[in-house]
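A.B. asks: Fold the following.
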Amino acid sequence: MQDLSRSDTFHAYQVVPRPVSMIIVEHAPEPSLIVPSHSHPKAQLAVAVKGIFSLHTAEGAWLVPPNRAVWVPGGVVHEMHARGQAVSNRSLYIQPDASPGLPTDCRVIELSPLMRQLILEATQIPLLYDENGRDGRVMRLILDEICAAPKMPLHIPMPRDPRLLKICRALLADPGQGGDLDDWARIGALGRRTLTRLFRQETGITLTLWLQQVRLMEALTRLSLGQPVTTVALDLGYDSPSAFTAMFRRVMGKTPRHYLGRQDAALD
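C.D. replies: Numbering: from 1, shown residues only. You can find the predicted model right below:
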């Protein structure tokens, strides 16, 4: 078998005969596209250490803030984009049958304090670790933590209907624009009732909730770049910073300051 100890390409890690392997990757902030469209047989858990990045597939986009991770099942074609700053991540590649409880869809997950410590420990474990020894037990515990991790609402599903896509692209270009369902229906040249029915049918959620997700993900990106809460809230169409903070706490379980704070154990 080839020497993988110094490899820094994800291709090499697909052939490691272990249920879990890890690669550490550093990306410059430009260009935005940091990992072009590709797929791989093993599943991937990409952990954001520094910076914030997004995962894109044909089904939608997922935002990954620092100290969180995105799960990508094996075989899913995807690409990753930096969001305005340098990105550092840890990627774990996992055999699809490593554990029966592993997710079957793309998702952003919250990392428990235990999981963050396990990932730090895994960076010191050799690729060809002893599966029956202490290192193997660490890797199996990582699998358990992935299976138990809560799913985070940082996903924007994308419709396929061209009329709906026209509406979504307009809102993605300017998430803070005003308007209601009638205004958005006019953009897509369809009726309000048709818009409501078709959008839920194709994405699984309402357009109102979809726009909330878009604004939340845009807010996280801007806040991670140091923009003030007041500026972000008003730019994204909220009546006041308190209204934005209330939405953020309702969806994320924490205020913006606490969510992006450094109270979490760092992974670098």
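A.B. asks: Could you point out the helix or strand that follows the one helix or strand in the chain whose mean pLDDT sits lowest?
C.D. replies: Within the chain, judged by mean pLDDT, DSSP states H and E, the helix or strand with the poorest mean is strand 20-27; its value is a mean of 80. Tracing the chain past strand 20-27, the next element assigned as helix or strand by DSSP states H and E is strand 33-38.
A.B. asks: Neighbouring strands - and their directions - for that next one?
C.D. replies: strand 78-82 (antiparallel) (DSSP bridges).
A.B. asks: re earlier: now do the least confident helix or strand of the chain against strand 78-82, angle only.
C.D. replies: Orientation note: strand 20-27 sits at an angle of 40 degrees relative to strand 78-82 (axes from the mean of the first three to the mean of the last three CA atoms, to 10 degrees).
A.B. asks: Can you list the strands that strand 20-27 pairs with?
C.D. replies: For strand 20-27, the paired strands and their directions (DSSP bridges) read strand 87-94 (antiparallel).
A.B. asks: Could I get the full set of strands for this protein?
C.D. replies: Using DSSP state E, the strands of the chain run over 20-27, 33-38, 43-50, 53-57, 60-64, 68-72, 78-82, 87-94, 107-110, 151-152, 155-157.
A.B. asks: so what's residue 103 up against?
C.D. replies: For residue 103, the contacting residues are 71, 73, 146-147, 151, by CB atoms under 8 Å, 6 or more residues apart in numbering. (Each C-beta comes from the backbone N, C-alpha and C, glycine too.)
A.B. asks: most neighbours per residue, which of the strands of the chain?
C.D. replies: Sort those by mean neighbour count, taking mean count of other CB atoms under 10 Å, and strand 68-72 sits at the top with a mean of 25.
A.B. asks: elements contacting that strand?
C.D. replies: Identification of packing neighbours for strand 68-72 by 3 or more CB pairs under 8 Å, 6 or more residues apart in numbering; DSSP states H and E yields strand 43-50, strand 107-110.
A.B. asks: got the contact list for residue 191?
C.D. replies: The neighbourhood of residue 191, defined by CB under 8 Å, 6+ apart, consists of residue 185.
A.B. asks: quick one on the thing from earlier: report the inter-axis angle for the least confident helix or strand of the chain versus strand 43-50.
C.D. replies: Angle, strand 20-27 to strand 43-50, by the same axes, to 10 degrees: 40 degrees.
A.B. asks: how about JSON lines for the strands of the chain, with distance to residue 163 added?
C.D. replies: Supplementary listing: these in JSON lines, determined by distance: least, CB to CB, whole Å:
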{"stretch": "strand 20-27", "distance to residue 163": "36"}
{"stretch": "strand 33-38", "distance to residue 163": "26"}
{"stretch": "strand 43-50", "distance to residue 163": "33"}
{"stretch": "strand 53-57", "distance to residue 163": "21"}
{"stretch": "strand 60-64", "distance to residue 163": "18"}
{"stretch": "strand 68-72", "distance to residue 163": "29"}
{"stretch": "strand 78-82", "distance to residue 163": "25"}
{"stretch": "strand 87-94", "distance to residue 163": "34"}
{"stretch": "strand 107-110", "distance to residue 163": "28"}
{"stretch": "strand 151-152", "distance to residue 163": "30"}
{"stretch": "strand 155-157", "distance to residue 163": "16"}
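A.B. asks: re the thing from before, quick one: closest of the helices and strands packed on strand 68-72 to residue 206.
C.D. replies: Smallest distance to residue 206 across those (CB to CB): 20.1 Å, for strand 107-110.
A.B. asks: where do the helices sit along the protein?
C.D. replies: With helices called from DSSP state H, the chain shows them at 113-122, 134-148, 162-173, 181-188, 192-203, 207-224, 229-235, 241-252, 256-259.
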